[in-house]
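[1] Predicted model and sequence follow; I will ask about them next.
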Amino acid sequence: MPFSTILAAIDGGEQTAQVLDQALRLAEGNPIATLHLVCVLDTLPVTAAGMGGSADLTLEVQDARARQTLREGLAHLARAGRSGHAHVVVGAQAPAIIAEAERLGCDILVLGHRHMSLWRQMFGQSTCADVLEQAPCPLLIVTERTGEAPHSS
């Protein structure tokens, strides 16, 4: 079954290239397939602690990073001979991705999954788990360990 509307949720992390590569594979051989890239500006407080700081990242800084991530994603697609559409959405990660997939009428959604520590798991599900529960279309999950996409639902 060829997919005609493919949404890749990217965040600029280590898995971004693998997520984009999986989206490109899904579009192979289908010249009318449309690739959409989405990057979410999360409404939860974000800190730069992991980047050597501790200050909250403003929405403006998050927006600039999201737009840069999308520019790099579109360049990745262009190097593979494809074009795509970039979308910045604001909200909590999982609901924003789900809403964008619904709005675009996606046939499949591609996103990465980072294996969370037990400590982080205790404070709530991962974005991937939340999307899996409510996805409006099939979901292809790229795992952190392999860069492969062994899971789909």
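    Arrived safely.
[2] Now Cys106. Its backbone dihedrals?
    phi -70, psi 150 (degrees, to the nearest 10).
[3] Select the longest strand from the chain.
    strand 34-41 (DSSP state E).
[4] And the next helix or strand past it?
    Of the helices and strands lying after strand 34-41 in sequence (DSSP states H and E), the nearest is helix 59-79.
[5] What lies in contact with that following helix?
    Helix 59-79 has contacts (Cβ atoms under 8 Å, 6 or more residues apart in numbering) with 8, 10-12, 16-17, 20, 24, 35, 37, 39-42, 46, 83-84, 86-88, 90. For glycine as for every other residue, the C-beta is placed from the backbone atoms N, C-alpha and C.
[6] And for stretch 80-98?
    7, 9, 24, 27, 34-44, 59, 63, 66-67, 70-71, 73-74, 77, 99-100, 109, 111, 127, 130-131, 134-136.
[7] at 6 Å instead, please
    9, 24, 35-43, 66, 70, 74, 77, 100, 127, 130-131, 134 (Cβ atoms under 6 Å, 6 or more residues apart in numbering).
[8] Just the buried residues of these.
    9, 24, 35-42, 66, 70, 74, 77, 100, 127, 130-131 (16 or more other Cβ atoms under 10 Å).
[9] worst-scoring helix or strand of this structure, pLDDT-wise?
    Within the chain, no helix or strand scores below strand 151-152, which has a mean of 46 by mean pLDDT, DSSP states H and E.
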